[in-house]
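Peer 1: Got a predicted structure here, sequence first:
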Amino acid sequence: MNMELVQILLPIEDNDGKPFPEDVLRRIQHELSDRFGGLTAYERAPAKGVWRHGESQHRDEVVILEVMVETVEVAWWRSFRARVEAELHQKELVIRSMPIKRL
């Protein structure tokens with residue numbers, strides 16, 4: 001059965017380097033788990049991101065959340081992304097999907 005793997009790169013700190021409250025991150029995980037029947041969260045060693053915006057370089061640490069879905073509901077994911085971006089005061093939250101084949 002072919003499916004899609006959706007990955008959410010969720011920052012663990014705000015733009016000033018202050019960690020987000022644990023309950024905020026857990027609520028996001030629970031919402032995804034409830035909607036999609038489960039998720040995988042890579043939390044032990046946060047991934048480190050680096051990117052450029054104009055002349056300045058930025059860094060952040062993220063946890064990666066993954067859910068498997070049969071069909072990517074683009075409108076729902078765009079709404080989810082906008083809500084989380086607003087809640088976490090982020091300019092852009094990366095959510096990506098890729099096809100996978102269950103073996």
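Peer 2: Looks like it arrived, so ask away. Residues are numbered from 1 along each chain as shown.

Peer 1: tell me the secondary structure for the closest residue to residue 87 other than its chain neighbours?
Peer 2: Of all residues not flanking residue 87 in the chain, residue 24 sits nearest, at 7.0 Å (Cβ to Cβ, 6 or more residues apart in numbering). For glycine as for every other residue, the C-beta is placed from the backbone atoms N, C-alpha and C. Using DSSP: H, G, I helix; E, B strand; the rest coil, the structure places residue 24 in helix.

Peer 1: Looking at residue 24 now. What's its pLDDT?
Peer 2: What the model reports for residue 24 is a pLDDT of 91.

Peer 1: ditto for residue 50
Peer 2: pLDDT, read off for residue 50, is 58.

Peer 1: how many neighbours does the residue nearest to residue 87 have?
Peer 2: By the criterion of other Cβ atoms under 10 Å, residue 24 has 12 neighbours.

Peer 1: Can you list the strands that the strand or helix carrying residue 8 pairs with?
Peer 2: Per DSSP states H and E: residue 8 is located in strand 2-11. Looking at strand 2-11 with DSSP bridges, its partner strands are strand 56-69 (antiparallel), strand 94-101 (antiparallel).

Peer 1: buried residues in the shortest one?
Peer 2: Judged by neighbour count (16 or more other Cβ atoms under 10 Å), strand 94-101 contains these buried residues: residue 95.

Peer 1: And it, how far out from the chain middle?
Peer 2: 12 Å (Cα atoms, centre = their mean, to the nearest Å).

Peer 1: List the contacts of that strand.
Peer 2: 1-9, 68-69, 72, 77, 80-81 (Cβ atoms under 8 Å, 6 or more residues apart in numbering).

Peer 1: what about 10 Å?
Peer 2: 1-11, 49, 62, 64-65, 67-69, 72, 74, 77-78, 80-81, 84 (Cβ atoms under 10 Å, 6 or more residues apart in numbering).

Peer 1: What average pLDDT does stretch 55-64 get?
Peer 2: 76.

Peer 1: Quick check: beta-bridge partners of residue 6?
Peer 2: The partner residues for residue 6, given DSSP bridges, come to residue 67, residue 97.
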